[in-house]
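Visitor: Using only what follows, build the 3D model:
(one chain, ligands or ions: 1)
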Amino acid sequence: MTSPDTIATNLLGLPRPGLEAFVAELGGKPFRARQLMNWVYKRGESSFERMTDLAKDFRAQLAERACIVTPQIVTARQSADGTRKWLLRADATQAFEMVFIPEPDRGTLCISSQVGCALDCAFCSTAQQGFNRNLTTAEIVGQVWLANRELSGSFAHDSGRERIVTNVVLMGMGEPLANFRNVVPALDIFLDDFGFDLSRRRVTLSTSGLVPQIYKLAEHSNVALAVSLHAPDDDLRNELVPINRKHPIAEMLEACWHYIDSRCGRSVTFEYVLLEGVNDSPAQARALAKLLAGHPAKVNLIPFNPFPGTRYRRSAPEAAQRFRDELIRRGVLVTVRRTRGDDIDAACGQLAGRVIDRTTARLGTRVFAVAVQA
Ligand code: SAH
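Guide: Next up is the predicted model:
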């Protein structure tokens, strides 16, 4: 792999049109770009030398002008339940994480879009870390490329299953729609037939509700959308998800219905972290059902994962059950997220402020929204 400090172009940052332009600059025909993508994304190849169906001089040019560089792994851990977590280096002092959740019928990779986050949601440990920087397209795509490489050989394939990472969720660190410019090209690579070739239903972008960017996303992509709702009224949501003060619930829901409408087959899921005595009463469940009535929306109930210094607690199982039943009774489709990987701190919200060791003392770690649905 080429060293990241060369001025070479990292191909993981280029969706197909950009790669075609780059290949044209080198004097290559557009189909060379597709050939290259095939090597990079289907075969996981990072050495141009080994891309044997490319002309020798073209390979030499690529070796000089291009590279395939992923974020570096700082630490890797594996849970008893098979969940894997990697801490990845953003720079000398900062890091971000990705988590892989294997299930019999799929393998979900939860990736980050920013180092830290600026949105300051009350129940989320990334907020405590503040915002550091946006990840580049290559760093976002690089997470999926790297996970596929790390897992090949160690992941038990089901018979006939080719892919290792079958689902990607942008539910790690950061607000993906606040990094629209770098996230959308990454989505294009995830979905491209010559890229990771994932179905749009298997790529989920989770947002706290950046309304203008939801409309913009509707024009650029048709991945599954997940929205962090967490409260049925503006007073409470202002407190839990402060972006609500700028884009209140009604405005945000309009954007969601537009997203569903503007191309058929798109879906929206509302994420709702159950916080004891805060948002988990039957009356709040009824208010939530009322908000969503008449729309093809799903609610994903999430057990809260406490982190040091938080004032919130996970709802008791009976309260969660009651909340779920109230929704179901009113015709709302409900899934309940299972927590995975707790023993390696890979579950949502378990990692805030953990110090890795003295040399990486500021490598803040965080929250993982493990998108496993029971
Ligand atoms: N910024 C985006 C994506 C990252 S957070 C967003 O807000 O959607 C994605 C999800 O992480 C949130 O919806 C929430 O479901 C989950 N989450 C954050 N902190 C959590 C915690 N402490 N416990 C459980 N889930 C948490």
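
Visitor: Enumerate the residues of the stretch 201-350 of the chain near the ligand.
Guide: Those residues of the stretch 201-350 of the chain that sit near the ligand, judged by CB under 6 Å from any ligand atom, are 206-208, 228, 271, 273, 302, 304-305, 348-349. All C-beta atoms are positioned from the backbone trio N, CA, C, and that covers glycine.

Visitor: repeat that with 5 Å
Guide: With CB under 5 Å from any ligand atom as the criterion, the stretch 201-350 of the chain comes near the ligand at residues 206, 208, 228, 271, 273, 302, 304-305, 348-349.

Visitor: Next: the stretch 51-200 of the chain.
Guide: Within the stretch 51-200 of the chain, the positions near the ligand by CB under 5 Å from any ligand atom are 124, 171, 175.

Visitor: Closest one of those residues to R200?
Guide: Ranked by distance to R200 (CB to CB), these are led by M171 at 16.4 Å.

Visitor: how close does the closest one get to A90?
Guide: For M171, the distance to A90 (CB to CB, to the nearest Å) stands at 18 Å.

Visitor: still on that earlier bit, among the residues of the stretch 51-200 of the chain next to the ligand, name the ones in strands.
Guide: Of those, none are assigned to strands by DSSP state E.

Visitor: contacting residues around G294?
Guide: Counting by CB atoms under 8 Å, 6 or more residues apart in numbering, G294 touches no other residue.

Visitor: how distant is the helix or strand of the chain with the lowest mean pLDDT from the center of its chain?
Guide: The helix or strand of the chain with the poorest confidence is helix 126-129; it has a mean of 85 (mean pLDDT, DSSP states H and E). Relative to its chain's centre, helix 126-129 lies at 17 Å (CA atoms, centre = their mean, to the nearest Å).

Visitor: For C348, give me the pLDDT.
Guide: The per-residue pLDDT reported for C348 equals 58.

Visitor: try M1
Guide: Per-residue pLDDT puts M1 at 50.

Visitor: repeat for V278
Guide: pLDDT, V278: 98.

Visitor: ok, and for the helix or strand where H258 lies, which residues are buried?
Guide: Under the criterion of DSSP states H and E, H258 resides in helix 249-262. By neighbour count on 16 or more other CB atoms under 10 Å, the buried set for helix 249-262 is 249, 252-253, 255-256, 259-260.

Visitor: In a markdown table, list those residues along with pLDDT.
Guide: Output for the buried residues of helix 249-262, formatted as a markdown table (pLDDT from 0 to 100):
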| residue | pLDDT |
| --- | --- |
| I249 | 98 |
| M252 | 98 |
| L253 | 98 |
| A255 | 97 |
| C256 | 96 |
| Y259 | 95 |
| I260 | 92 |
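
Visitor: which one of these is nearest the ligand?
Guide: Taking CB to the nearest ligand atom as the measure, the ligand lies nearest M252 of the buried residues of helix 249-262, at 11.9 Å.

Visitor: Where does the stretch 1-150 of the chain get nearest to the ligand, residue-wise?
Guide: Closest to the ligand within the stretch 1-150 of the chain is C124: 3.7 Å, counting by CB to the nearest ligand atom.

Visitor: Let me see the residues that make contact with stretch 129-142.
Guide: Here stretch 129-142 has contacts from 10, 12-15, 69-71, 90, 94, 96, 111-118, 174, 178-179, 181-183, 185-186, 189-190, 352-353, 364, 366, using CB under 8 Å, 6+ apart.

Visitor: ok, L301 - contacts?
Guide: So L301 contacts 272, 274, 320, 323-324, 334-337 (CB under 8 Å, 6+ apart).

Visitor: Just put these in TSV and tack on pLDDT and secondary structure.
Guide: As requested, the contacts of L301 are exported to TSV (pLDDT from 0 to 100; DSSP: H, G, I helix; E, B strand; the rest coil):
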residue	pLDDT	secondary structure
Y272	98	strand
L274	98	strand
A320	97	helix
F323	98	helix
R324	97	helix
V334	96	strand
T335	94	strand
V336	92	strand
R337	84	strand
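
Visitor: Include distance to R43 and neighbour count when you put these into a markdown table, please.
Guide: Formatted as a markdown table, these follow (distance: CB to CB, whole Å; neighbours: other CB atoms under 10 Å):
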| residue | distance to R43 | neighbour count |
| --- | --- | --- |
| Y272 | 40 | 25 |
| L274 | 43 | 24 |
| A320 | 44 | 19 |
| F323 | 46 | 25 |
| R324 | 44 | 18 |
| V334 | 40 | 18 |
| T335 | 35 | 16 |
| V336 | 38 | 17 |
| R337 | 34 | 20 |
